[in-house]
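Student: Okay, here's the prediction I keep looking at, along with the sequence it came from:
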Amino acid sequence: MSGRSVVEVLSLPVRLNGIQLGRPVDALVHADDDRLVGFDVLCGDGERRFLPFAVARIESGEIAVDSALPLIDDGDAEYYRSRTRRLRELGFRDPRLEDGGVIREG
């Protein structure tokens with residue numbers, strides 16, 4: 001097995017300079033290939049927001065961001081949600097996150 005467990009990544013908090021902004025509740029995958037587009041995040045204020053994978057850093061113990069600005073409000077995130085699949089739709093038993101955001105069976 002290579003890469004990092006997607007289940008593990010989804011258990012990490014989203015933080016900005018150590019301050020927890022929320023927790024991912026799902027991973028959104030490109031509609032045409034198995035590449036991670038971003039995370040559906042439940043934020044501390046109870047709102048759901050979309051966090052693009054391109055602006056996130058998967059680190060030990062957290063998904064780090066340099067700013068809260070890339071967290072896209074739920075209504076505006078529909079663009080991304082309509083063009084992606086949810087991770088569970090891939091049918092993987094043990095999904096692994098590879099370099100570049102590719103998701104493969106473990």
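Tutor: Looks like it came in fine. Bear in mind that the values here come from a model prediction, so they are computed numbers and not experimental data.
Student: Tell me how far the residue lying closest to R83 once chain neighbours are set aside lies from G106.
Tutor: Excluding the flanking residues, the one nearest R83 by C-beta to C-beta, 6 or more residues apart in numbering is A31, at 5.6 Å. C-betas here are computed from N, CA, C, even on glycine. Counting by C-beta to C-beta, to the nearest Å, the separation of A31 from G106 is 22 Å.
Student: can you pull out the strands in the protein?
Tutor: Secondary structure of the chain, counting by DSSP state E: strands at 4-5, 14-16, 19-30, 36-43, 48-52, 57-59, 62-65, 72-73, 84-86, 95-97, 103-105.
Student: one step back: neighbour count winner among A31 and G106?
Tutor: Neighbours per residue (other C-beta atoms under 10 Å) separate A31 from G106, with G106 holding more: 16 against 12.
Student: Please report phi then psi for the nearest residue to the more buried one once chain neighbours are set aside.
Tutor: Distances taken as C-beta to C-beta, 6+ apart place D94 nearest to G106, at 3.5 Å, with adjacent residues excluded. Here is the backbone geometry of D94 (degrees, to the nearest 10): phi -140, psi 70.
Student: what's next to the worst-scoring helix or strand of the chain on mean pLDDT, contact-wise?
Tutor: Lowest mean confidence among the helices and strands of the chain (mean pLDDT, DSSP states H and E): helix 78-81, at a mean of 89. Helix 78-81 has contacts (C-beta atoms under 8 Å, 6 or more residues apart in numbering) with 28, 37-38, 40, 50, 52, 72.
Student: Going by distance to A64, which of those residues wins?
Tutor: Nearest to A64 out of the contacts of helix 78-81 is P52 (C-beta to C-beta; 13.6 Å).
Student: residue contacts, that closest one?
Tutor: By C-beta under 8 Å, 6+ apart, the contact set of P52 is 37-38, 70, 72, 80.
Student: can you redo those as a markdown table with neighbour count?
Tutor: Formatted as a markdown table, the contacts of P52 follow (neighbours: other C-beta atoms under 10 Å):
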| residue | neighbour count |
| --- | --- |
| V37 | 19 |
| G38 | 26 |
| P70 | 15 |
| I72 | 17 |
| Y80 | 16 |
